[in-house]
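> starting from these lines, generate the structure:
(one chain, ligands or ions: 1)
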Amino acid sequence: MAFARKDLLGTRDLTAEEIRTLLASAASFREIAERPLKKVPALRGKTVVNLFFEPSTRTRTSFEIAAKRLSADAVNMSASTSSLVKGESLLDTVDNIQAMAPDIIVVRHRHVGAAHLIAGRIKASVVNAGDGANEHPTQALLDLLTISQHKELGPGLEVAIIGDIAHSRVARSNLWALTTLGVKVRICAPPTMLPRGIEKLAGIRVCRRPEEALEGVDVIMMLRIQLERQDKLLFPSVRDYAAVFGLNRSRLARARPDAIIMHPGPMNRGVEITSEVADSERAVILNQVSNGVALRMAVLFLLGGQGGGGNE
Ligand code: NCD
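Model prediction:
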């Protein structure tokens with residue numbers, strides 16, 4: 001399986017074939033989590049640096065586990081313990097890390113375009129683990145991998161994405177990837193949390209009310225309100241938001257009976273989703289997390305291993 005790219009910066013410019021290659025490779029890595037010895041030698045001798053300038057639980061841990069399961073050496077660096085707090089610029093930090101000859105750098109940063117900037121400067125492959133509200137490609141790909149375990153990923157599928165679309169890099173990466181595969185997407189948010197002009201994108205339907213977004217849908221993705229990216233509160237109160245947009249049992253009844261419920265985490269229980277729904281049999285939220293490791297193994301393997309572009 002070939003993936004002829006140096007970096008993975010977003011899903012916007014991925015072709016359907018590249019997406020399918022990544023998903024097929026990830027599916028083949030899934031069984032490693034079931035082995036008593038969860039390690040393969042694919043990236044032995046390679047170095048992966050996780051450079052996280054924003055908080056993360058799932059993404060950083062799963063990139064680290066993915067690298068280690070491939071036998072790469074994984075190093076974690078977080079902004080609060082780095083020289084960035086001593087005034088070093090991002091580019092100086094990156095130049096110094098490049099001088100240590102890593103093969104892959106995984107970057108999360110609050111500024112849009114940070115991963116692109118770094119990728120254009122260094123020889124190592126770069127994976128965007130979230131740049132501001134722009135893209136989070138591995139999250140979207142692990143979401144697609146999760147959907148593919150339950151549904152056919154193609155034009156017959158309808159996905160509802162409900163929540164703070166405007167500030168969500170997860171929504172953006174999912175929109176690009178899903179529509180590239182011909183999947184129909186409905187999005188729903190308070191008008192203050194909808195990106196302007198979004199209704200003009202092909203394959204996307206904007207719904208004013210969650211009831212409309214959920215009607216007969218196959219997949220439901222709920223999103224957290226990204227308060228840290230809102231400079232003012234974009235709705236009257238958290239309680240009002242939960243009452244109108246939260247996924248509860250009665251709203252869920254509008255979706256197809258076999259609809260699956262997804263959430264990228266971190267979840268705010270009682271706000272965008274009730275605990276009853278989040279913990280129900282139809283929720284695949286923890287499967288998303290398990291699939292995250294396999295998907296990130298595939299990305300690291302295809303970028304840095306025998307599979308692809310790499311740092312040759
Ligand atoms: C998301 C993120 O950081 O963009 N989390 C994740 O990576 N699983 C979503 C969020 O923070 O709400």
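
> so who does the residue in the stretch 1-150 of the chain that the ligand sits nearest to touch?
Nearest to the ligand, among the residues of the stretch 1-150 of the chain, is T59, at 4.4 Å (C-beta to the nearest ligand atom). Quick note: C-beta positions are derived from backbone N, CA and C, even for glycine. Applying C-beta atoms under 8 Å, 6 or more residues apart in numbering to T59 gives the contacts 108, 129-130, 136, 138-139, 292.

> in TSV, list these along with distance to L233.
Listed next are the contacts of T59 as TSV, based on distance: C-beta to C-beta, whole Å:
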residue	distance to L233
R108	25
A129	28
G130	23
H136	24
T138	30
Q139	25
G292	31
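
> these in strands, which ones?
Among the contacts of T59, the members found in strands (DSSP state E) are 108, 129-130.

> quick one: the helices in the stretch 101-250 of the chain?
For the stretch 101-250 of the chain, the helices defined by DSSP state H, counting those that start in this stretch occupy 114-119, 137-148, 169-180, 210-214, 238-245, 249-252.

> now do the following helix or strand past the shortest one: distance to the chain's middle.
It stands for helix 249-252. Proceeding N to C from helix 249-252, the next assigned helix or strand is strand 260-262, under DSSP states H and E. Centroid separation between strand 260-262 and its chain, computed with C-alpha atoms, centre = their mean, to the nearest Å, is 15 Å.

> and P266, helix, strand or coil?
Following DSSP: H, G, I helix; E, B strand; the rest coil, the label given to P266 is coil.

> how about the nearest residue to it, chain neighbours excluded?
Excluding the flanking residues, the one nearest P266 by C-beta to C-beta, 6 or more residues apart in numbering is R224, at 6.3 Å.

> that neighbour touches M267, doesn't it?
Yes. If you go by C-beta atoms under 8 Å, R224 and M267 touch, sitting 6.9 Å apart.

> out of these two, which sits in the busier spot?
Neighbours were counted for R224 and for M267 using other C-beta atoms under 10 Å; R224 has more, 19 against 16.

> enumerate the residues of this protein near the ligand.
Contact residues, the chain versus the ligand (C-beta under 6 Å from any ligand atom): 58-59, 130, 136, 139, 169-170, 224, 226, 264-265.

> and stretch 25-40, which residues are buried?
By neighbour count on 16 or more other C-beta atoms under 10 Å, the buried set for stretch 25-40 is 25-27, 29-30, 32.

> kindly report the same for stretch 237-255.
For stretch 237-255, burial by neighbour count (16+ other C-beta under 10 Å) applies to 238, 241-242, 245-247, 251-252, 254-255.
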